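*Asks:* Let's see this in three dimensions:
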Amino acid sequence: MAALLELSGVTKLYGLVIGLNDVQLTLEPGVNGLLGPNGAGKSTLLKLLTGQLRPSEGRVRVLGEDPWNNPRLLARLGLCPEQDAFYDQLSALEFVTSLARLSGLGSAAGERARAALARVGASEFMHRPIAGYSKGMRQRTKLAQAIVHDPEFLILDEPLTGTDPVCRREIVDLVIELGRQGKSILVASHVLHEVQAMTDRFVLMYGGRVLASGRVGEIRALMNHVPHRIRVRCADAKVLAQALLAHLPVDGLEIDARRGELVALTREPSAFFAGFPAVALASAVPIHEIESADDRLDAVFQYLMESE
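*Replies:* Predicted coordinates for the structure are as follows:
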């Protein structure tokens with residue numbers, strides 16, 4: 001299967017400021033999340049992918065082609081930018097129809113625009129001028145213009161910013177639906193839980209570099225030298241701690257007896273979870289909750305940033 005995108009040794013300089021620093025990245029088709037705090041380099045990366053910038057060094061390939069000065073490739077992409085760029089006197093239907101015509105849809109542009117606006121839940125207001133739209137209505141309109149020409153690769157930059165809970169849920173559901181239909185999508189965000197609702201494949205960026213990419217479990221495997229932290233809430237943390245130390249592969253324990261919590265540190269999480277039920281039963285300590293916090297994306301991301 002051909003790669004969705006490839007970056008080889010890509011650096012982007014803004015004068016003396018480094019926007020991207022020697023980025024190596026390959027993504028396969030499908031839905032991927034691009035995550036990082038503000039200033040991590042996400043916007044620079046997206047501008048390179050969409051031909052808005054050229055790299056200072058290195059090579060960028062999207063769908064096998066160089067995106068710089070390549071209208072043929074750009075016609076195969078759909079971009080929902082973070083920043084608004086509307087003609088406010090137009091309605092959503094007029095705006096999306098105009099962009100559909102620019103994408104080469106010709107006489108079908110109006111019909112396709114109506115269908116795209118309906119798909120993003122914008123039919124109710126599509127005849128009203130954009131000047132009076134809320135942030136959520138503007139986001140829906142931007143998303144409609146990004147999908148109106150049925151692109152092979154859809155790029156969404158902070159698509160949930162400023163949206164209400166209903167709009168967020170509908171946009172998340174649309175991304176999931178498009179992914180199930182075989183579309184390749186890259187969703188950029190600085191909010192981890194938003195992207196986790198759409199995909200389990202991520203690129204983590206910080207300081208102009210790619211820290212890691214892959215599924216959460218694959219990224220966590222890069223940290224195998226760091227013990228997993230398994231949190232347990234129970235009726236008697238001290239008694240349970242003694243049982244765990246005696247019978248399970250535990251490298252350390254943190255106990256909060258007052259709150260009835262302990263955190264077990266282990267480099268063998270599979271063996272720990274396999275043996276835990278029997279040990280808990282034998283100890284006769286009621287267990288209220290157990291979770292492996294380090295398997296959450298936010299915990300992995302935090303560790304990788306602190307390691308830089």
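
*Asks:* which residues of the chain fall in strands?
*Replies:* 5-14, 17-27, 31-35, 57-62, 77-80, 153-157, 184-189, 201-206, 209-215, 228-234, 252-256, 261-266, 287-292 (DSSP state E).

*Asks:* Just the buried residues of the second one, please?
*Replies:* Meaning strand 17-27. For strand 17-27, a neighbour-count test (16 or more other CB atoms under 10 Å) marks I18, G19, L20, V23, L25, L27 as buried. (C-beta placed from N, C-alpha, C; glycine too.)

*Asks:* Can you tell me how far the last one is from L262?
*Replies:* From L27 over to L262 the distance is 39 Å, taken as CB to CB, to the nearest Å.

*Asks:* next one: the fourth one
*Replies:* Spatial separation of V23 from L262 under the definition CB to CB is 41 Å.

*Asks:* okay, which residue is most central for this structure?
*Replies:* In the chain, the C-alpha nearest the mean C-alpha coordinate belongs to G33, at 2.4 Å (CA atoms, centre = their mean).

*Asks:* what's near enough to touch the closest residue to that one other than its chain neighbours?
*Replies:* Leaving aside its sequence neighbours, G33 sits nearest to V195 (CB to CB, 6 or more residues apart in numbering; 3.6 Å). Counting by CB atoms under 8 Å, 6 or more residues apart in numbering, V195 touches G33, L35, V187, S189, F202.

*Asks:* What subset of these is buried?
*Replies:* Looks like these have G33, L35, V187, S189, F202 buried, using 16+ other CB under 10 Å.

*Asks:* which ones are touching the fourth one?
*Replies:* Contact partners of S189, counting by CB under 8 Å, 6+ apart, are G33, L34, L35, E158, P159, L160, V195.

*Asks:* try 6 Å
*Replies:* The contact partners of S189, by CB atoms under 6 Å, 6 or more residues apart in numbering, come to E158, V195.

*Asks:* The third one too?
*Replies:* Shown here is V187, whose contacts under the criterion CB under 6 Å, 6+ apart are G33, L156, V195, M198.

*Asks:* Can you read off the pLDDT for the closest residue to T266 other than its chain neighbours?
*Replies:* Leaving aside its sequence neighbours, T266 sits nearest to F272 (CB to CB, 6+ apart; 4.7 Å). At F272, the pLDDT value in this model is 90.

*Asks:* Also the one 4 residues further on?
*Replies:* Here the pLDDT value assigned to F276 is 92.

*Asks:* quick one: it and G252, what's the gap?
*Replies:* As defined by CB to CB, F276 lies at a distance of 16 Å from G252.

*Asks:* next one: T44
*Replies:* 41 Å.

*Asks:* These two: who's more crowded?
*Replies:* Of the pair T44 and G252, T44 is the one with more neighbours under other CB atoms under 10 Å, namely 22 against 11.

*Asks:* where's that one relative to V203, distance?
*Replies:* 13 Å.

*Asks:* can you check V60 too?
*Replies:* In terms of CB to CB, V60 sits 14 Å off from V203.

*Asks:* quick one: low-confidence parts of the stretch 151-300 of the chain?
*Replies:* Under the criterion pLDDT under 70, the flagged ranges of the stretch 151-300 of the chain are 220-226, 293-300.

*Asks:* mind redoing it with 90?
*Replies:* For the stretch 151-300 of the chain, applying pLDDT under 90 flags the ranges 160-169, 189-197, 200, 204, 206-207, 211-230, 257-260, 265-271, 273-274, 289-300.

*Asks:* could you list every residue that touches the closest residue to D164 other than its chain neighbours?
*Replies:* Using CB to CB, 6+ apart and skipping residues adjacent in sequence, the residue nearest D164 is G136, 5.5 Å away. G136 makes contact with T163, D164, C167, according to CB under 6 Å, 6+ apart.

*Asks:* Kindly report the same for S91.
*Replies:* Counting by CB under 6 Å, 6+ apart, S91 touches H127, R128, P129.

*Asks:* Same question for A2.
*Replies:* Residues near A2 by CB under 6 Å, 6+ apart: G64.
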